[in-house]
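1. Structural data only, the sequence is not supplied:
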């Protein structure tokens, strides 16, 4: 059975559990098919497939009782019900299907950086509910299928202190100012800052607090730009009693012009980038920008038109492509990249290569 057929069977099986559990009496094959069709699970299927699904339930620990009953035409048909005892006491109305369970297990790996927050607890509570719904055999089956999906690199679990995460989440939910001790890359020790947090942003395996600096006590307003405070660098966070008004523009909209979380006080500007045929597919799939427009060229290359982007965000990506990319505009970015290329050449050609042993020894 291929993966698509297996997925369809698992979907039917969980609906069958729900149907049989809620039924007042045994159901025939025709009645089971009719109820599956009414739920939109199937269009049509053979009696043999229904029987295969019944066997599947029995294999994974649900005790089914086979009896007979009269059909509307007066003929005697096989019918099934949940048998009292084993397989019945464990059953409650299923909350999710097995494909959803597999997706949830993968989501737990992806949400590992949020351990300690309401989001992480919600995932754990839902998985606990599923353990009460499913038999041990079915959970083992789900675990075996989960091995077919790898999250790499896997985010470390419990990376952040639950006390800090809970404080940040509480300040966001209540729209209250937050006092943090934060060490930026340019600082040697933490500095105290009061911020107005708008959201948590997960980017590249790390969590950032998206917010604005609160006005200073002397009445002066801080710069109005949104900032992203990396949670790794927050050593302490305390919620104040001071409320604030949320901005009209949501954080998600502010990130629409960026493929990272880079922000600048400068207005983003238009870029045109030519990418050679050797890296054309890579540039299209990456992408350079969520709103890029791609035009194929006669030689197999592509031209990327990006209406709104920042220099500091795009230049590192352009350098990664090396000689396979050329900035058509803006002109000053062309000159900046040319200067950087000359510095790279000077570094590699202008001095001898130090030995590896010498570098290890600190030479």
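-> Sure, I can see it. Values in this document were obtained by computation on a predicted structure and should not be read as measured data.
2. C-alpha only now, for contacts and for neighbours.
-> Will do.
3. give me phi/psi at residue 226?
-> Dihedral pair for residue 226: phi -70, psi 150, per degrees, to the nearest 10.
4. Near it, how many other residues are there?
-> The local packing of residue 226 (other C-alpha atoms under 10 Å) involves 18 other residues.
5. can you pull the contacts of it?
-> Listed by C-alpha atoms under 8 Å, 6 or more residues apart in numbering, the contact set of residue 226 reads 210, 211, 212, 213, 263.
6. what about it, distance to residue 17?
-> Distance, residue 226 to residue 17, by C-alpha to C-alpha, to the nearest Å: 50 Å.
7. Let's verify residue 13: helix, strand, or coil?
-> Secondary structure, DSSP: H, G, I helix; E, B strand; the rest coil: residue 13 is helix.
8. quick one, what contacts it?
-> Counting by C-alpha under 8 Å, 6+ apart, residue 13 has contacts 53, 54, 56, 57.
9. before we move on, back to that, now that we have the contacts of residue 226, which one has the most neighbours?
-> Of all the contacts of residue 226, residue 211 has the most neighbours under the rule other C-alpha under 10 Å, reaching 23 neighbours.
10. Does that residue touch residue 201 like I think?
-> No - in this structure residue 211 lies outside contact range of residue 201 using C-alpha atoms under 8 Å: 10.3 Å.
11. Give the burial count for residue 342, as a bare number.
-> 10.
12. List the contacts of it.
-> Per C-alpha under 8 Å, 6+ apart, neighbours of residue 342: none.
13. ok, it to residue 332 distance?
-> 15 Å.
14. what's the answer for residue 24, then?
-> 76 Å.
15. Residue 140 too?
-> For residue 140 relative to residue 332 (C-alpha to C-alpha), the value is 59 Å.
16. cool, residue 107 as well?
-> To residue 332, residue 107 is 43 Å away according to C-alpha to C-alpha.
17. which stretches of the stretch 1-150 of the chain have low pLDDT?
-> For the stretch 1-150 of the chain, the stretches with pLDDT under 70 are 1-8, 84-102, 109, 115-118, 120, 129-139, 141-143, 145-149.
18. So which residues of it form strands?
-> 27-28, 64-70, 76-82 (DSSP state E, counting those that start in this stretch).
19. Give the other helices and strands that the first one contacts.
-> The one in question is strand 27-28. strand 76-82 (3 or more C-alpha pairs under 8 Å, 6 or more residues apart in numbering; DSSP states H and E).
20. Toward the C-terminus, what is the element adjacent to the helix or strand hosting residue 173?
-> For residue 173, the host element (DSSP states H and E) is helix 162-174. Using DSSP H and E, the helix or strand that follows helix 162-174 in sequence is strand 176-182.
21. rewinding a little: can I get the strands of the stretch 1-150 of the chain in CSV including distance to residue 45 and mean neighbour count?
-> Below are the strands of the stretch 1-150 of the chain laid out as CSV (distance: least, C-alpha to C-alpha, whole Å; neighbours: other C-alpha atoms under 10 Å):
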stretch, distance to residue 45, mean neighbour count
strand 27-28, 14, 22
strand 64-70, 20, 15
strand 76-82, 17, 18
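22. I'd like those strands as a markdown table, with distance to residue 121 appended.
-> Listed next are the strands of the stretch 1-150 of the chain as a markdown table, based on distance: least, C-alpha to C-alpha, whole Å:
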| stretch | distance to residue 121 |
| --- | --- |
| strand 27-28 | 39 |
| strand 64-70 | 34 |
| strand 76-82 | 33 |
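23. ok, now which ones touch the closest residue to residue 214 other than its chain neighbours?
-> Closest residue in space to residue 214, ignoring its immediate chain neighbours: residue 195 at 5.0 Å, by C-alpha to C-alpha, 6 or more residues apart in numbering. If a contact means C-alpha under 8 Å, 6+ apart, then residue 195 has 177, 178, 179, 180, 211, 212, 213, 214 as its contacts.
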